[in-house]
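Student: one predicted model, sequence on top.
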Amino acid sequence: MQVVFMNRLVKGSQSDEEAAAQVWIGEEEGVWHLGWRDFQMNEEFVDSSWYEGDSWNELLCIYRHGLAIKLGEGYRPIVEGVFHEEEEQRYRGQSVQKLYCYSEFHPEENLYNELCAWRRRRAVSERKAPYFIASNKLLRLISSFIPHNVDELMQLPGVGDNKAGDYGPDILEITAKVARNHNFPLNWVYAELNEEVYMTWVFKQKEQKYKLELDQYRMRRTLMMGISGGKNLGQLEQECNTPRKEIVEALEELEKEGYDTEHLIQNELQEMPSDEQNAVWSALEELGDMFLKPVLQKVYGESKEAIARGSIDLLYERIRLIRIRFRRDQESKRNVG
């Protein structure tokens, strides 16, 4: 087997002795191999196989996820740039990330819960999803650093003129009642935050990111194999262990990349009357294909009685499938034009 990549990693222990390991990638007759080697005190070693197969993309997903786990456990590479990300900028946004990290380790839970309750009330009154009002990460920042005026609030990542203008008065009314033992600006965070704690936190974020990428890759592969094998949405839902809505969203992404999903769409829509399909198509032409709710209301009306013949989830699913066809048709017309 030809080893095409290898890096050595070390990990300090409580006894100040370093644990050593290697991560490596090899290739033999078109088969990729990925492994991890732990070196023991008696100069022996223990090997773990992370991957063996013919997909470089899958290997790369497994490599990044597995390596992030090891780095989160305290291992550090001898050679930097171990994630093999294109145009990776290690220090990009590091100051912002340190604020997020600090806020997670120094929460003010009572204030955070009060802010969450305010966000829920505001979301209901504005008929918006709560994350449009403020993300959990932003509420963590606010509850940790406790701004007392607009200038301080706007020093937090994610707060611009619009958000400060729309929600600042409400937020500051809540935070003004809470005492704090630090000041703005927040430059003191960078000195107070332990670098090893920060790096471990960074690698935990990467672990979550790469786990999601790996899960998405495997779902896409299962989808493509299932579609080529003539399976329906119900079967794909079981094989991927993923909700139908996410399966359909994945189909939309596959279509954007040029993968043909028409056979599956045809099978799923065969029980939908043609005049109903035509009505959805006309609504997409009239209202555009960005949002589904206006199309649903145009075709089925707004009353519960008007959509009683099918569940909301099923109707949205069918509209999404027709939208795939609609977008394919629009793209074809643009290419011809």
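Tutor: Thanks, I have the structure now. Residues are numbered from 1 along each chain as shown.
Student: state which helix of this protein is the longest.
Tutor: Longest helix of the chain, by residue count under DSSP state H: helix 195-228.
Student: by contact count, what packs against that one?
Tutor: helix 56-72, helix 94-105, helix 233-240, helix 244-256 (3 or more CB pairs under 8 Å, 6 or more residues apart in numbering; DSSP states H and E). Placement of C-beta: from N, CA and C, glycine included.
Student: if we go to 6 Å?
Tutor: Using 3 or more CB pairs under 6 Å, 6 or more residues apart in numbering; DSSP states H and E, the elements in contact with helix 195-228 are helix 56-72, helix 94-105, helix 233-240.
Student: make a markdown table out of those and add mean pLDDT and mean neighbour count.
Tutor: Shown next, in a markdown table, are those (pLDDT from 0 to 100; neighbours: other CB atoms under 10 Å):
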| stretch | mean pLDDT | mean neighbour count |
| --- | --- | --- |
| helix 56-72 | 92 | 19 |
| helix 94-105 | 94 | 17 |
| helix 233-240 | 92 | 16 |
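Student: save the ones you listed as CSV, and put in distance to residue 262 too.
Tutor: Compiled in CSV, the helices and strands packed on helix 195-228 are given as follows (distance: least, CB to CB, whole Å):
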stretch, distance to residue 262
helix 56-72, 25
helix 94-105, 43
helix 233-240, 14
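Student: circling back to that earlier point, report the angle between the longest helix of the chain and helix 94-105.
Tutor: Angle between the axes of helix 195-228 and helix 94-105 is 90 degrees (criterion: axes from the mean of the first three to the mean of the last three CA atoms, to 10 degrees).
Student: now helix 195-228 and helix 244-256, what's the angle there?
Tutor: Using the same axes, to 10 degrees: helix 195-228 against helix 244-256 is 80 degrees.
Student: just the strands in this protein please.
Tutor: Using DSSP state E, the strands of the chain run over 2-12, 18-28, 31-39, 45-53, 76-77.
Student: mind putting those into a markdown table with distance to residue 289, mean neighbour count and mean pLDDT?
Tutor: Formatted as a markdown table, these follow (distance: least, CB to CB, whole Å; neighbours: other CB atoms under 10 Å; pLDDT from 0 to 100):
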| stretch | distance to residue 289 | mean neighbour count | mean pLDDT |
| --- | --- | --- | --- |
| strand 2-12 | 43 | 14 | 88 |
| strand 18-28 | 42 | 17 | 91 |
| strand 31-39 | 40 | 17 | 94 |
| strand 45-53 | 38 | 12 | 93 |
| strand 76-77 | 46 | 16 | 88 |
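Student: turn those into JSON lines, columns for distance to residue 148.
Tutor: Converted to JSON lines, the strands of the chain look like this (distance: least, CB to CB, whole Å):
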{"stretch": "strand 2-12", "distance to residue 148": "41"}
{"stretch": "strand 18-28", "distance to residue 148": "46"}
{"stretch": "strand 31-39", "distance to residue 148": "49"}
{"stretch": "strand 45-53", "distance to residue 148": "50"}
{"stretch": "strand 76-77", "distance to residue 148": "40"}
